[in-house]
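Q: Test case, fold it:
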Amino acid sequence: MASSFYPHIGFLVIVFWALSAMAHRGGLVREGRYGLSASAVLSVSIIVSFVPLWGLTLSGFVLSFIPVFSSGSLFIAIMFLIKIYSGKDPLEEREWLLLLGAGGLYTLVLMVSALGLLPFDLYSLGYGGYGQRWFIALLALCAGGLAIWGSPLAWWLIAACALWLAGAVPSGNINDTLTDVFFLVLCLVILARKLPGLRKPGSV
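A: Here you go, the predicted model:
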């Protein structure tokens with residue numbers, strides 16, 4: 001059930017973020033009217049994602065190439081959505097740097113190791129067995145540490161474990177609920193914009 005439902009909801013979140021960012025830059029999202037703006041953009045997002053065109057929905061088309069969006073990608077999208085519709089960034093600058101730097105580096109190493117270019121296969125630890133149990137325990141420990149710190153980043157790791165337990169990813173590999181190629185691209189792009197001298201004031 002979750003494996004067929006989650007990918008489409010994940011895609012809707014990404015579309016909602018993209019259209020919200022466009023509306024924000026176009027001056028359509030205004031202070032004091034956040035709820036109305038969000039409702040309007042969400043309605044358009046649902047139509048764009050799920051209304052079939054020539055017998056195929058945009059969601060179905062994209063998911064045929066990208067089977068699922070990870071909790072990492074959706075976490076970034078949700079953080080920006082909160083910023084757009086509240087006017088406040090839910091993450092501090094150091095939290096963004098931790099998410100983008102550590103998350104992006106892990107994803108890069110993960111993909112390089114999966115291609116056999118490293119003497120170890122980090123991706124294989126996400127499958128069943130002894131390695132997976134240790135990996136999940138490490139995620140839980142990191143989530144606990146972030147929660148004690150009071151950081152919303154804990155929800156990213158908690159969501160990854162929850163989605164894996166729910167069987168949201170067909171592969172059964174917990175790494176696929178944690179991160180993906182889209183997450184790596186987001187990390188690189190956003191990190192570049194946040195580097196000193198490159199960040200644009202008020203950008204989302």
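
Q: Mind naming the longest helix for this protein?
A: Assignment by DSSP state H gives helix 2-25 as the longest helix of the chain.

Q: just checking, next helix/strand downstream of it?
A: helix 34-50 (DSSP states H and E).

Q: For the residue lying closest to residue 106 once chain neighbours are set aside, give me the backbone phi and psi.
A: Using C-beta to C-beta, 6 or more residues apart in numbering and skipping residues adjacent in sequence, the residue nearest residue 106 is residue 179, 6.8 Å away. Placement of C-beta: from N, CA and C, glycine included. Main-chain dihedrals, residue 179, degrees, to the nearest 10: phi -150, psi 170.

Q: Let me see the mean pLDDT of stretch 130-141.
A: In this model, stretch 130-141 carries a mean pLDDT of 83.

Q: any idea how far residue 117 lies from residue 107?
A: 14 Å (C-beta to C-beta, to the nearest Å).

Q: Let me see the ranges of the helices in this protein.
A: Ranges of helices in the chain, per DSSP H, are 2-25, 34-50, 58-63, 71-86, 93-114, 130-149, 153-165, 174-178, 181-194.

Q: List the buried residues of the first one.
A: Put plainly, it is helix 2-25. 3, 6-8, 10-17, 19-21, 23-24 (16 or more other C-beta atoms under 10 Å).

Q: What of the last one?
A: With burial defined by 16+ other C-beta under 10 Å, the residues of helix 181-194 counted as buried are 182, 183, 184, 186, 187, 190, 191, 194.

Q: so that helix versus helix 71-86, what angle?
A: 50 degrees (axes from the mean of the first three to the mean of the last three C-alpha atoms, to 10 degrees).

Q: now for helix 181-194, which elements pack on it?
A: Contact here means 3 or more C-beta pairs under 8 Å, 6 or more residues apart in numbering; DSSP states H and E; on that basis helix 181-194 packs against helix 71-86, helix 93-114.

Q: Any chance of CSV for these, columns mean pLDDT?
A: Compiled in CSV, these are given as follows (pLDDT from 0 to 100):
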stretch, mean pLDDT
helix 71-86, 95
helix 93-114, 93
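
Q: Could you say which of the ones you listed is packed most deeply?
A: helix 71-86 (a mean of 21; mean count of other C-beta atoms under 10 Å).

Q: Check the offset of that one from the chain's centre.
A: Relative to the centre of its chain, helix 71-86 is centred 8 Å away, using C-alpha atoms, centre = their mean, to the nearest Å.

Q: Residue most distant from the centroid, the chain?
A: Computed with C-alpha atoms, centre = their mean, the residue of the chain farthest from its C-alpha average is residue 54, at 29.4 Å.

Q: From residue 190, how far out is the residue most central in space within the chain?
A: Nearest to the mean C-alpha position of the chain, by C-alpha atoms, centre = their mean, lies residue 73 at 1.5 Å. Residue 73 sits at a distance of 12 Å from residue 190 (criterion: C-beta to C-beta).

Q: cool, and residue 166?
A: Taking C-beta to C-beta, one finds residue 166 at 28 Å from residue 190.
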